[in-house]
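Undergrad: Model the following, please.
(chains A and B)
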2 protein chains.
Amino acid sequence: MHFGADQPLRLDCGVDLSPFQIAYQTYGELNADRSNAILICHALTGDQHVANVHPVTGKPGWWETLVGPGRPIDPKHYFIICSNVIGGCMGSTGPASINPATGKVWGLDFPVITIPDMVRAQAMLIDRLGIDTLFAVVGGSMGGMQVLQWTAAYPARVYSALAIACSTRHSAQNIAFHELGRQAVMADPDWHNGGYADRGIHPHRGLAVARMAAHITYLSDAALHRKFGRRMQDRELPTFSFDADFQVESYLRYQGSSFVERFDANSYLYLTRAMDYFDIAADHGGVLAKAFAGIKTRLCVVSFTSDWLFPTSESRALVHALNASSARVSFAEIETDRGHDAFLLDVPEFFDISRAFLQSAGKARGLKDS
Amino acid sequence: MHFGADQPLRLDCGVDLSPFQIAYQTYGELNADRSNAILICHALTGDQHVANVHPVTGKPGWWETLVGPGRPIDPKHYFIICSNVIGGCMGSTGPASINPATGKVWGLDFPVITIPDMVRAQAMLIDRLGIDTLFAVVGGSMGGMQVLQWTAAYPARVYSALAIACSTRHSAQNIAFHELGRQAVMADPDWHNGGYADRGIHPHRGLAVARMAAHITYLSDAALHRKFGRRMQDRELPTFSFDADFQVESYLRYQGSSFVERFDANSYLYLTRAMDYFDIAADHGGVLAKAFAGIKTRLCVVSFTSDWLFPTSESRALVHALNASSARVSFAEIETDRGHDAFLLDVPEFFDISRAFLQSAGKARGLKDS
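TA: Prediction:
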């Protein structure tokens, strides 16, 4: 979707981004009273290809466990929308796009964006699609941050909200891991202060290291132990070298090298930065409850026991704030050893809770068969 | 201390390292019956400068909290020895040393070393110093691994052993973090497959990223939150840039950049590899208790509640194995929010326990005034 010079996106940094583009996918049909739209918000390295084969990797959609025929979010019942975030690299305007003022790739001249900026762009897309109120906004991790931002900024436009494995602000440890990833990208001489595109290169090595670091944080210690332990790769004895002796090493190397084929390094910098800046309470005098004062949105907050990136304690703090603002909120902490990644995996209890929450909200909303 | 061609160090990888050098420091005096020697084993990025000003950084010794006049390990009572590990870069032979066969820096031609190799070299040093039985072997983290290896390999030469914040084998998550660090170093084009020394350069950027990653694992989430939270650096509002807006970012950058001034990148690869390979039980049919069967050494195992790199569960597994081998072991889990780093910090309860353990062992050993 193209937004012309007459419809700039006002960014938190003060810049008006214009023109700009939002790439999105939809599944299912909008009903007659436009009341069955669900917006899915993707995570840091996700994109709009929720439930279709990915055009670059050829892999299934990243949330086919939750979204699809017979799944809790079924296109038979809902009009499902997912857009690539502003700052992303799968078709929406971001640092890898062409800067119309120069005719060259933006690179680091692209303005720094925030989670509220992403949501503001999504709201413009939803307007354009003729949807006033979303039946639900759903997302995990950075997607969950967008869900919370939608709820705080546009409560009247969000009938229900499902925020998974997220937080209302990024912790110091999370900022530290992101900064580590950014420094890995910036340490790669092929990064050229963000100007690699003009040179026809890409800081593959630095971005792969950043991805490896992030990937460790997505899994739990227990999950790594269960999946790999200290098992060797194709051998029984150590090679006494720096080859990937351990399975966990070759797994990580693969995660790094496959990621760089589909993701832009500058986008990675911008999106991690947006997450680091995120702090809903800060815009409300530091009082989280004020951010959600008077909202009518039905919320469901989900956390996973072994998620150490967005631990349950942060979800609980959010739920307390929502209770303090008399919001309608349910909360589920799901027992799993799979870490932060659990929201993308086959975790039946999570699906059951999601389905029940949406069905109950659908009934209240008067949706048929949902 | 120089070991000539007649005294090779037999390495686990099958190579005989010869000639080689061990750099060490001592504090205090060996008593007449040579019964008051304490060997301190240093951690990954430590060295022999336990309790004296560091010759490169000008900073105080890294364990002056524990070692020194009036401290639990007081040179008035003990003859204290600390040697730089084999593979290190502070004077002991390692990948940054000259390969006598070529006259050039070893680089990646240096043989891969293990924790048992480090301990074997220390035993040769102790022999040379005329010490048969060490009163105590003491260390944290990688130093703790050496303590456990000493106890398992030379139980008759270790009267007492104080193993802090360590484990009998490296976990999958720990291997993953080390592999991340190694990949960061190797991604730096200045690394030149380990051959940077001949070119007069050093892979500063990659090593700094590796250090940043490691440093995050040394602190707890709570400690990072307490120290930095989301506080900004010299400003109140975000810059909307990739500058170090948050204090935790500039702290990490400093940790990375100061480390590379004092540490060799190849050494970092070799020492992390040694830790990854460490698995005492593996040499005893996978049964940890067998590694310690029949030992008379008095052991004290210390863990810290917020240490997620070497969590208490691993210390407890060790203590269970020691109990199963009827070893004399005491165990203390110390409550602190300071993470793995706690063993280097001012934690009074840890000092009290160390002092009491050594005093009690000293009394049994017939040491005066200890």
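Undergrad: CA only for contacts and neighbour counts going forward, please
TA: Will do.
Undergrad: tell me what the helix or strand containing residue A:272 is packed against?
TA: For residue A:272, the enclosing helix or strand under DSSP states H and E is helix A:265-277. In terms of contacts (3 or more Cα pairs under 8 Å, 6 or more residues apart in numbering or on different chains; DSSP states H and E), helix A:265-277 is packed against helix A:172-187.
Undergrad: center of chain A - which residue?
TA: In chain A, the residue lying closest to the centroid (Cα atoms, centre = their mean) is residue A:43, at 1.5 Å.
Undergrad: show me what contacts it?
TA: Residues in contact with residue A:43 (Cα atoms under 8 Å, 6 or more residues apart in numbering or on different chains) are A:139, A:140, A:141, A:142, A:143, A:144.
Undergrad: And for residue A:366, the neighbour number?
TA: For residue A:366, the neighbour count with other Cα atoms under 10 Å in any protein chain shown is 12.
Undergrad: got any ranges where chain A has weak pLDDT?
TA: A:369-370 (pLDDT under 70).
Undergrad: Show me what from chain A comes close to chain B.
TA: A:13, A:111-113, A:171-173, A:175-177, A:179-180, A:183-184, A:187-189, A:205-206, A:209, A:212-213, A:216, A:221, A:224-225, A:228-230, A:238, A:240-242, A:248-249, A:252, A:273, A:277 (Cα under 8 Å from any Cα of the partner chain).
Undergrad: what does the helix holding residue A:272 rub up against?
TA: Helix A:265-277 is contacted by residues A:44-45, A:87-89, A:94-96, A:107-108, A:112-115, A:142, A:169-170, A:174-175, A:178, A:182, A:185, A:194, A:202-204, A:207, B:238, B:242 when judged by Cα under 8 Å, 6+ apart.
Undergrad: Name the residues of it that come out as buried.
TA: Within helix A:265-277, the residues that count as buried by 16 or more other Cα atoms under 10 Å in any protein chain shown are A:265-277.
Undergrad: before we move on, what about stretch A:114-128?
TA: A:114-126.
Undergrad: ditto for stretch A:316-329
TA: Applying 16+ other Cα under 10 Å to stretch A:316-329 flags A:316, A:318, A:319, A:320, A:321, A:322, A:323, A:325, A:327, A:329 as buried.
Undergrad: What lies in contact with that stretch?
TA: Contacts of stretch A:316-329 (Cα under 8 Å, 6+ apart): A:167-168, A:288-290, A:292-301, A:330-331.
Undergrad: For the residue in the stretch 1-150 of chain A positioned nearest to chain B, which residues are in contact?
TA: Nearest residue of the stretch 1-150 of chain A to chain B (Cα to the nearest Cα) works out as residue A:112 at 5.4 Å. The contact partners of residue A:112, by Cα under 8 Å, 6+ apart, come to A:13, A:270, A:273, A:274, B:240, B:241.
Undergrad: Which one of the residues you listed is nearest to residue B:335?
TA: residue A:273 (33.9 Å; Cα to Cα).
Undergrad: From the contacts of helix A:265-277, list just the buried residues.
TA: Of the contacts of helix A:265-277, these count as buried by 16+ other Cα under 10 Å: A:44-45, A:87-89, A:94-96, A:107-108, A:112-115, A:142, A:169-170, A:174-175, A:178, A:182, A:185, A:194, A:202-204, A:207.
Undergrad: Among these, which lie within strands?
TA: Using DSSP state E, no member of the buried ones among the contacts of helix A:265-277 sits in strands.
Undergrad: what's the burial count for residue A:258?
TA: 14.
Undergrad: and if you look at residue A:103?
TA: Neighbours of residue A:103 (other Cα under 10 Å): 9.
Undergrad: That one and residue B:101: what is the separation?
TA: Residue A:103 sits 58 Å away from residue B:101, going by Cα to Cα, to the nearest Å.
Undergrad: And chain A, split by domain according to the record?
TA: A:24-83+A:133-169+A:279-365, A:178-272 (automatic domain parsing).
Undergrad: Can you say which of these is nearest to residue B:9?
TA: Nearest of the domains of chain A (Cα to Cα): domain A:178-272, 16.2 Å.
Undergrad: what's the span of the closest one, first residue to last?
TA: Start-to-end, domain A:178-272 (Cα to Cα) is 6 Å.
Undergrad: what does stretch A:259-267 give?
TA: First residue to last in stretch A:259-267 (Cα to Cα) measures 13 Å.
Undergrad: any idea how far it is from the chain center?
TA: Distance of stretch A:259-267 from the chain centroid (Cα atoms, centre = their mean, to the nearest Å) equals 15 Å.
Undergrad: do stretch A:194-209 as well
TA: 23 Å.
Undergrad: ok, residues contacting it?
TA: Here stretch A:194-209 has contacts from A:96, A:104-105, A:107-108, A:181, A:184-191, A:253, A:255-257, A:259-260, A:264-266, B:180, B:183-184, B:187, using Cα under 8 Å, 6+ apart.
Undergrad: do stretch A:255-264 as well
TA: So stretch A:255-264 is contacted by A:45, A:56-57, A:89, A:96, A:202, A:204, A:207-212, A:215 (Cα under 8 Å, 6+ apart).
Undergrad: Flag every buried residue along it.
TA: Buried residues in stretch A:255-264 (16+ other Cα under 10 Å): A:255, A:256, A:257, A:259, A:260, A:263, A:264.
Undergrad: Repeat that for stretch A:50-57.
TA: Under 16+ other Cα under 10 Å, the buried positions of stretch A:50-57 are A:50, A:51, A:52.
Undergrad: show me where the stretch 201-350 of chain A has helices.
TA: For the stretch 201-350 of chain A, applying DSSP state H, counting those that start in this stretch gives helices covering A:204-218, A:221-227, A:247-259, A:265-277, A:288-291, A:312-324, A:348-365.
Undergrad: Packing partners of the longest one?
TA: Secondary structure elements in contact with helix A:348-365, counted by 3+ Cα pairs under 8 Å, 6+ apart, are strand A:134-140, strand A:158-164, strand A:298-304, strand A:328-334.
Undergrad: Each with direction, which strands does the third one pair with?
TA: To tie it back to what came earlier, the one meant is strand A:298-304. strand A:158-164 (parallel), strand A:328-334 (parallel) (DSSP bridges).
Undergrad: Export those to a markdown table and append columns for distance to residue B:363.
TA: Listed next are the strands paired with strand A:298-304 as a markdown table, based on distance: least, Cα to Cα, whole Å:
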| stretch | distance to residue B:363 |
| --- | --- |
| strand A:158-164 | 58 |
| strand A:328-334 | 52 |
